[in-house]
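K.L.:
fold the following and give me the result.
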Amino acid sequence: MVMGDDVDMEAEDIIETLRKKFVRVAPVLDERGRRVWAAAEAEALGYGGQGLVAKATGLARTTLYREGVRQAKDHQPSVERIRRVGGGRKKLTIHQPELRSALEALVDPTTRGDPENPLRWTCLSTRQLAATLTAQGYRIGRQTVAHLLAELGYSLQGNCKTTEGTSHRDRDAQFHYIHGQVQAFQGRGQPVVSVDTKKKELVGDFKNGGQEWRPKGNPERVRTYDFVDKVLGKVNPYGVYDPVANVGWVSVGVDHDTAEFAVETLRRWWEKMGRVRYPAATEVLVTADGGGSNGSRVRLWKVALQRLANETGLRITVGHFPPGTSKWNKIEHRMFRHISMNWRGKPLVSHEVIVNLIASTTTQTGLKIEAEMDHNLYPKGLRVTDEELEKINMQTADFHGEWNYTILPST
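P.N.:
Next up is the predicted model:
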């Protein structure tokens, strides 16, 4: 598959190579010679070449285009006069010295003291910026706007998820506690798993982000609109990941993502993988997020775990991550991200395709995943009474017992 980041890296390599070449040849060429060389390089690169050469040399794309047309019409050496040093049209910023500050005020109005600027609430395209500056009395086009933004240090960027919100005061202490539990379980040869739900996925010929290798000009055809297919619906992948063995299990549910579905996935992992890998196991440590179907406050989660403990005879210890730290769950970056990369650019047209794509996910470090469909129904809104909750054979830890607890088989 061809990723967007790979394409950007390739373009940057080309620009850097052109820049080095231009630095070498520019001192021995006059102005005309530099334009001819640059236009020839752009023509050799093909589609998009003028943009790459313009970024590498600082020459305008319009100059490269005119030079390319002139070379195509006349291959004879030019005898036109070379301008003297400093000749030619002056930059707009010389004639309009306030242009830079006016542009920057539009791009970042908050830091420039104008949070109510109407362009604060637009996508800030170069055309919109040029139109607004023109309305303010400046003479400028969208291409010059792009050049000035680059000179000012701006670039097109997406959002970056880094802000986690308010942190719990015992956040770090809980991580240390879970780490100690993991080491203790692994030291005793007992299984440790990470669990979580992957985001819901539409089933059908819908667009799936990313790119893959296909014959040129023949992209995969998908639906224009992402309306849920009433027959195929959506799926809820729920996973169990064993970081020591680097193996995982995924149940692909067709109904609601409930606590019963989460524990059923844990049960299937134990029956299909865990029991085989840990035949002498008497307990298991489950690390999970603090919310969702396996949340620390979900009563049904604990009731379902009690049933699983009774069936398997295992002592089930649970350690929940503190609020706002779900991205640190190992299953997220060691399993789910690789599944997303594996099916990137591929429409999830059927349940069989989804299961096969998940099961075929591997990494250079040896990740292996097993997956299957779960066609059971898991109704929402089931209530657990106080009496049912009291029947759970649960031991809470001295440190944050609401996050750390062990459910023992009932005698």
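K.L.:
so, low pLDDT: which residues of this protein?
P.N.:
By pLDDT under 70, the low-scoring segments of the chain are 1-8, 68-69, 71-90, 108-124, 158, 160-166, 212-214.
K.L.:
which parts of it belong to which domain?
P.N.:
For the chain, automatic domain parsing gives the domain ranges 4-73, 92-151, 171-407.
K.L.:
out of those, which one sits most buried?
P.N.:
domain 171-407 (a mean of 17; mean count of other CB atoms under 10 Å). C-beta coordinates here come from the backbone N, C-alpha and C atoms, glycine included.
K.L.:
ends of it, what's the gap?
P.N.:
Across domain 171-407, the terminal residues are separated by 23 Å (CA to CA, to the nearest Å).
K.L.:
check contacts around Ile392.
P.N.:
When contacts are counted by CB atoms under 8 Å, 6 or more residues apart in numbering, Ile392 is found next to 302-303, 306, 407.
K.L.:
before we move on, the earlier item: any chance of JSON lines for the domains of the chain, columns distance to Asn159?
P.N.:
Formatted as JSON lines, the domains of the chain follow (distance: least, CB to CB, whole Å):
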{"stretch": "domain 4-73", "distance to Asn159": "15"}
{"stretch": "domain 92-151", "distance to Asn159": "13"}
{"stretch": "domain 171-407", "distance to Asn159": "15"}
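K.L.:
about what we covered before: biggest separation within the contacts of Ile392, which pair?
P.N.:
Using CB to CB, the contacts of Ile392 span at most 9.6 Å, a distance reached by Val303 and Ile407.
K.L.:
circling back: let me know the closest of the contacts of Ile392 to Trp270.
P.N.:
Ranked by distance to Trp270 (CB to CB), the contacts of Ile392 are led by Ile407 at 14.1 Å.
K.L.:
beta partners of the closest one?
P.N.:
Ile316, Met394 (DSSP bridges).
K.L.:
surely Leu408 meets Gln395?
P.N.:
Yes - using CB atoms under 8 Å, Leu408 is in contact with Gln395, at 6.8 Å.
K.L.:
coming back round to it: show me the contacts of Ile392 that map onto helices.
P.N.:
302-303, 306 (DSSP state H).
K.L.:
out of the residues you listed, which is nearest to Glu387?
P.N.:
Of all these, Glu387 sits closest to Val303, with 11.3 Å by CB to CB.
K.L.:
wouldn't the closest one be in contact with Asp386 here?
P.N.:
No - applying CB under 8 Å as the test, Val303 and Asp386 come out as separate, 12.0 Å apart.
K.L.:
before we move on, which element is Pro237 in?
P.N.:
strand 234-242 (DSSP states H and E).
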